[in-house]
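**Student:** Sequence first, predicted coordinates after that:
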Amino acid sequence: MSEETSEADSARKVAAYVRPVDLVTSALLLTAGFVLALDNWRIGAGWASDGPRPGFFPFGLAVILMVASAWGLFTAARDRSAAREVFVETESLKRVFQVLVPTILFVVGIKYAGLYASSALLIFVFMTWLGRLGLVSSVLTSLGFAAVIFWMFEIQFRVLLPKGPIEAWLGF
């Protein structure tokens, strides 16, 4: 049984182990806490005659973040067993990026194409590429969803959301 397990472990492609991920994450959070603490100290982290200054509470949170990150860095540096523990395999990381990249493009696309067109495109991409669904059902679902959301927010609730050239062409 142990031979089968070791063969299965060697066949897996490891993208990252726990220890380096813990070290890098703790170091980045420690750096962010330090920058936040400095900035809040600059705007005033003390106590004034009328109460706390603007940076008082954020400074305290930054200090808590730095202490927690330093503790995480210390424990990750000491934990030798985590160096062999798998954090993420290549196949799993690939799936994460299959969702992350289109989502980032969706957010950027909102500025240029508007929320509704970007939403329709994102749904279409997810349905066809990741869901491997048919072209007709993907087009109908994505356009139908965008139309319903447009009707609900723009017409019923009168909430102004980012629009692009398609809505301008339609007179909205």
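**Tutor:** Noted; the coordinates are in hand.

**Student:** Low-confidence stretches in this protein?
**Tutor:** 1-11 (pLDDT under 70).

**Student:** Domain-wise, how is it divided?
**Tutor:** The chain resolves into domains spanning 14-88, 90-169 when parsed by automatic domain parsing.

**Student:** Mean neighbour count added to these, as CSV?
**Tutor:** (Each C-beta comes from the backbone N, C-alpha and C, glycine too.) CSV is the format used below for those (neighbours: other Cβ atoms under 10 Å):
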stretch, mean neighbour count
domain 14-88, 14
domain 90-169, 14
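
**Student:** wait, doesn't Val139 sit right on Leu121?
**Tutor:** No. At 10.8 Å, Val139 does not count as touching Leu121 under the criterion of Cβ atoms under 8 Å.

**Student:** ok, now which ones touch the closest residue in space to Thr90 that isn't next to it in sequence?
**Tutor:** Nearest non-adjacent residue to Thr90, counting by Cβ to Cβ, 6 or more residues apart in numbering: Lys13, 4.0 Å away. By Cβ atoms under 8 Å, 6 or more residues apart in numbering, the contact set of Lys13 is Glu89, Thr90, Glu91.
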